[in-house]
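**Student:** this one's sequence-less:
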């Protein structure tokens, strides 16, 4: 399974980066191959200063070795080894009219000292973070997510949409990071669901990503915007950074397993503002966005 899924994410990385380069029309992804001293490595691809995308990363990695003590404590195991692979992406467009997007699809195995698999699971999801709220864009994104879920189980969308709203929640701000999407983790084989079933589900979601995001980019990338709207985008990016550094489990896992810092922190946008006690004007489009972020809603 680990070889099968790693082959899949290698192919998916190429598909996604090629399409993003085509949409941008100017910038190309820079590729960086790296190795982890304890075992494994990855292929980082970053795009910067494009016509459409200010910064973006589409990374794959496959790492293995002894599970660090901090993670043994987290999983409540002793002397375990692990293998983890996944694709993680974050795209920060230049225009505040185009939303930021994040996605991740991953697979994990844990072994005893004889090398036997003692646990394995899939996880992942995809979510949207707009700076200005175009409801038709959010409905489109969620509709594609729902179709990918429905192809596997009609109960998945409502469950994983709810988990996404709960997970990407900036509790110290009492607001969501964005307008959600899907989030699932610890997807394991059971009497009724095999790991092959989970593989089919996760790859269905992965294959849906470009359909969910690219039409929104094409619809909004030519819209004009003001410096004030750009400032708002950078203020909201600050909240994005806060979530990733304070709450995000993937970031924390990477840091605790001696992951590659440049790849872990590629999710951070290049231009951000933190203004003291900033509040948008009453009745403005900016305030409208905040109201939605404080009370997640059903989009489809």
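**Tutor:** Alright, I've got the coordinates. For clarity, every value in this text was computed on a predicted model and none was experimentally measured.

**Student:** how far is whichever helix or strand residue 17 is part of from where the chain is centred?
**Tutor:** Per DSSP states H and E, residue 17 falls inside helix 2-24. Centroid displacement of helix 2-24 relative to its chain, using CA atoms, centre = their mean, to the nearest Å, is 14 Å.

**Student:** contacts for it?
**Tutor:** Identification of contacts with helix 2-24 by CB atoms under 8 Å, 6 or more residues apart in numbering yields 27-29, 43, 45, 47, 50-53, 56, 58-60, 62, 83, 85-87, 89, 91, 105, 107, 109, 122, 199, 202-203, 206-207, 209-210, 214, 217-218, 221. Where you see a C-beta, it was placed from the backbone N, CA and C, and this is true even at glycine.

**Student:** taking those residues one by one, which sit in strands?
**Tutor:** Counting by DSSP state E, the contacts of helix 2-24 place 43, 45, 47, 53, 56, 58-60, 62, 83, 85-87, 89, 91, 105, 107, 109, 122 in strands.

**Student:** sorry, back to before: kindly supply the ChimeraX command isolating those of the contacts of helix 2-24 that are buried.
**Tutor:** To isolate the buried members of the contacts of helix 2-24 in ChimeraX, using 16 or more other CB atoms under 10 Å:
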select :27,29,43,45,47,50,52,53,56,58,59,60,62,83,85,86,87,89,91,105,107,109,122,199,202,203,206,209,210,214,217,221
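
**Student:** other SSEs contacting the helix or strand bottoming out on mean pLDDT in the chain?
**Tutor:** Using mean pLDDT, DSSP states H and E, helix 69-75 stands out as the lowest-scoring helix or strand of the chain, at a mean of 77. Other elements packing on helix 69-75 under the criterion 3 or more CB pairs under 8 Å, 6 or more residues apart in numbering; DSSP states H and E are helix 249-256.

**Student:** what's near enough to touch residue 100?
**Tutor:** Listed by CB under 8 Å, 6+ apart, the contact partners of residue 100 are 90, 91, 92, 93, 128, 129, 130, 131, 178, 237, 240, 269.

**Student:** 10 Å instead?
**Tutor:** Contacts of residue 100 were listed using CB atoms under 10 Å, 6 or more residues apart in numbering, and they are 54-56, 90-93, 127-131, 177-178, 233, 236-237, 240, 267, 269.

**Student:** same check, this time on residue 34
**Tutor:** Applying CB under 10 Å, 6+ apart to residue 34 gives the contacts 40, 41, 42, 43, 44, 59, 61, 260, 262, 263.

**Student:** Now do the same contact list for the second one.
**Tutor:** Taking CB under 10 Å, 6+ apart as the criterion, residue 41 is in contact with 33, 34, 35, 60, 61, 62, 63, 260.

**Student:** same thing with the fourth one?
**Tutor:** Taking CB under 10 Å, 6+ apart as the contact definition, residue 43 lies against 9-10, 13-14, 31-34, 58-62, 87, 263.
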